[in-house]
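> Build me a model from this:
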Amino acid sequence: MYTTGRRVRFSLFGTSHGPGVGCVLEGIPKGMPVDKARIAEDMELRRPKKGIGTPRRETDKVSILQGVHNGKTDGTPILLVIDNSDTDGSKYLKFARTPRPGHADLPAIAKFPGYDIRGGGQFSGRLTAPIVAAGSIAKQLIRRSGMEVSAFSRSIGGIIDDEDRSIADATGSRAFATRACTEELDAAMERNIISASSDGDSVGGVVECITTGLPIGFGGIWFEAIDSEIAGAVFSIPACKGVEFGRGFGLAGMRGSESNDPFFVKDGIKCRTNNMGGILGGMSDGAPMVFRAVFKPTPSIAKPQRTVDIKMMENTEVSVEGRHDPCIVPRAVSVVEAMTALVLADQMMRDPGRSV
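Predicted coordinates:
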């Protein structure tokens, strides 16, 4: 299993084409109501949408095998399992000899003797399903303390949403297949994905996540900094290649007089701008926490790509068949939300003044 968190610990297990995937979620306090309908809603948002997602169809029904009794947590570790049913590993076997460029095939083959390459094994995005399930429970926990997490597609391919967005906008993106904030952007992003797919190619993009309700001082410092822990968790999502908070790399071109967020008093202490993304010194400054994560184009594409034949040790080409998302960004949105909620739940339970 692969584990993260200290007080709220999350352990992930399974492979893409094994019997199933799942997780163990520890540290959720006893007696908390668990809304299974909310879990199902979040799982539905992660599922591929017709025309812009993989043809693989899984029901993604979450079975809670322990830790919840009569609709409430019982204080023991919560065991969540999701069955795999729509599996066909035959088209993956050739990648054990001709690894896909941009994918984990090559280092995985080198590191793990007997590596099961079907569906990408433990490196597959399939393992994000239990992350979303556990994250849904974490969202229910932090919501009890007034925290809300929501994300949306900031860009897909060459289509960029350049408007300032609120958490209400991000939540509204649930109405659109691409997780864009408007109908017009949704249509443009969908066309971009379909165009790449028609060319046997793929596109990447950027997910933006907004969290409200964090009190001033929430978080940690140095290695327990809230932005540090969230960045580490989000980087663990397959295909994530960059994370920035607030203006991020744009801060490099600003002066301090421009980048600093001035404070003022109005029903408490507020920030006039949010260039820092709501984080100072690893802790919340009371403004919405805003960060963006970039996801690379899906490496499994139909176009021929240059690779090597490991057995013959010579150059060759590989073309990927099978069922793959031409863009993983729309589905990654719910995964980013889940990872963020898991980190916030862990930080909240580590701080006696913030726990429920």
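> Need the three-state assignment for the residue of the chain most remote from its centre.
The outermost residue of the chain, judged against the average C-alpha position, is residue 312 (37.8 Å), by CA atoms, centre = their mean. The three-state label given to residue 312 by DSSP: H, G, I helix; E, B strand; the rest coil is coil.
> Could I get the contacting residues of it?
Shown here is residue 312, which makes no contacts under the criterion CB atoms under 8 Å, 6 or more residues apart in numbering. C-betas here are computed from N, CA, C, even on glycine.
> what's residue 222 sitting at in phi/psi?
Backbone geometry at residue 222, expressed as degrees, to the nearest 10, gives phi 50, psi -120.
> before we move on, what about residue 137?
Reported as degrees, to the nearest 10, the phi and psi values for residue 137 are phi -70, psi -40.
> gap between the two ends of stretch 1-16?
Taking CA to CA, to the nearest Å, the first and last residues of stretch 1-16 lie 14 Å apart.
> List the buried residues of that stretch.
Using 16 or more other CB atoms under 10 Å as the burial criterion, the residues of stretch 1-16 that qualify are 4, 5, 8, 10, 11, 12, 13, 14, 15, 16.
> contacting residues for the fourth one?
The neighbourhood of residue 10, defined by CB under 8 Å, 6+ apart, consists of 3, 4, 23, 24, 25, 26, 131, 134, 342.
> I figured the first one hits residue 23, correct?
This means residue 3. No. If you go by CB atoms under 8 Å, residue 3 and residue 23 don't touch, sitting 9.6 Å apart.
> okay, and the common contacts of these two?
Once CB under 8 Å, 6+ apart is applied, the residues that residue 3 and residue 23 both contact turn out to be 10, 11, 12.
> mind listing what the second one touches?
To tie it back to what came earlier, the one meant is residue 11. Here residue 11 is in contact with 1, 2, 3, 23, 24, 25, 26 (criterion: CB under 8 Å, 6+ apart).
> partner residues bridging it?
The residues paired with residue 11 through beta bridges, assigned by DSSP bridges, are residue 3, residue 24.
> What confidence value was assigned to it?
At residue 11, the pLDDT value in this model is 96.
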